[in-house]
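Peer 1: need the 3D shape of this:
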Amino acid sequence: MYPKSLKDLIEAFKFFPGIGEKSAERMAFSVLGLEEEQVNFFRESLKEVKEKIRPCSICNALTDKEVCDICSSSLRQAKLCVVEDPKIVFLFEKLGTFRGKYHVLKGLISPLDGLNPEDIGLEKLIKRIEDEKIEEIILAFKPSIEGETTTLYIKRILEGMNVEVTQLASGIPMGADMEYVDALTLERALFDRKKVE
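Peer 2: Purely as a prediction, here's the structure:
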């Protein structure tokens, strides 16, 4: 029904999460109304993001440099907020209240999904705690079985090390995806964090 190039564009938009047939059609027709410079900007942005964005060599957050601006900063506190996904770093940074650093794991412990403790990069976390003389780590995982399992495992492997282990306070609903939690709830959970027992 559609010309091939338009049909291909509709199919391309369906690669994005949450975009079905109707939304993809709307987006494709919107492209037809864009100016040439807008289309070029969109094309170049897609190309650059694929070529330049990579994990920071220290914390695994997304950056376009070898080491991200947060890890490079000498103004950050000796606190480490540990998260499961690089997107969550941006979420905390938007709040503007946390002045420590971050560490992104390669997911949460989930044997059913084939993710065991040795698969999520905990050795890199332990090395950072020792090398950077971290005073506190804040475990900021989604409230789920996987999040709780990972929290307890990290608490156990850090016993005997001179670091306080805390986690976000309650207020974040069980099973919620961290990226969908509103800023006020997230800020409150960070402020009211509690020691992991």
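
Peer 1: can you name the next helix or strand after the host helix or strand of L190?
Peer 2: Assigned by DSSP states H and E, L190 falls within helix 183-191. Per DSSP H and E, the first helix or strand lying C-terminal to helix 183-191 is strand 194-195.

Peer 1: which other helices and strands contact that following strand?
Peer 2: Other helices and strands packing on strand 194-195, by 3 or more Cβ pairs under 8 Å, 6 or more residues apart in numbering; DSSP states H and E, are strand 164-167. C-beta: built from backbone N, CA, C; applies to glycine.

Peer 1: quick one: list the elements packing against the strand it packs on.
Peer 2: Helices and strands touching strand 164-167, by 3+ Cβ pairs under 8 Å, 6+ apart, are strand 136-139, helix 145-157, strand 194-195.

Peer 1: what about 6 Å?
Peer 2: Counting contacts by 3 or more Cβ pairs under 6 Å, 6 or more residues apart in numbering; DSSP states H and E, strand 164-167 packs against strand 136-139.

Peer 1: so in that sheet, which strands flank the strand it packs on, and in what orientation?
Peer 2: Paired neighbours of strand 136-139 in the sheet (DSSP bridges): strand 79-83 (parallel), strand 164-167 (parallel).

Peer 1: okay, E66 and C59: tell me how far apart.
Peer 2: Taking Cβ to Cβ, to the nearest Å as the measure, E66 falls 12 Å from C59.

Peer 1: the two: which is more packed in?
Peer 2: C59 (25 against 11; other Cβ atoms under 10 Å).

Peer 1: ok, K195 touching T166?
Peer 2: Yes - using Cβ atoms under 6 Å, K195 makes contact with T166 at a distance of 5.5 Å.

Peer 1: of the two, who's got more company?
Peer 2: Regarding K195 and T166, a neighbour count based on other Cβ under 10 Å identifies T166 as having more, with 18 against 10.

Peer 1: let me know whether the more buried one touches L139 as I believe.
Peer 2: No - T166 is beyond contact range of L139, at 7.1 Å (criterion: Cβ under 6 Å).

Peer 1: touching stretch 38-46 from outside, list them.
Peer 2: Here stretch 38-46 makes contact (Cβ atoms under 6 Å, 6 or more residues apart in numbering) with no residue beyond itself.
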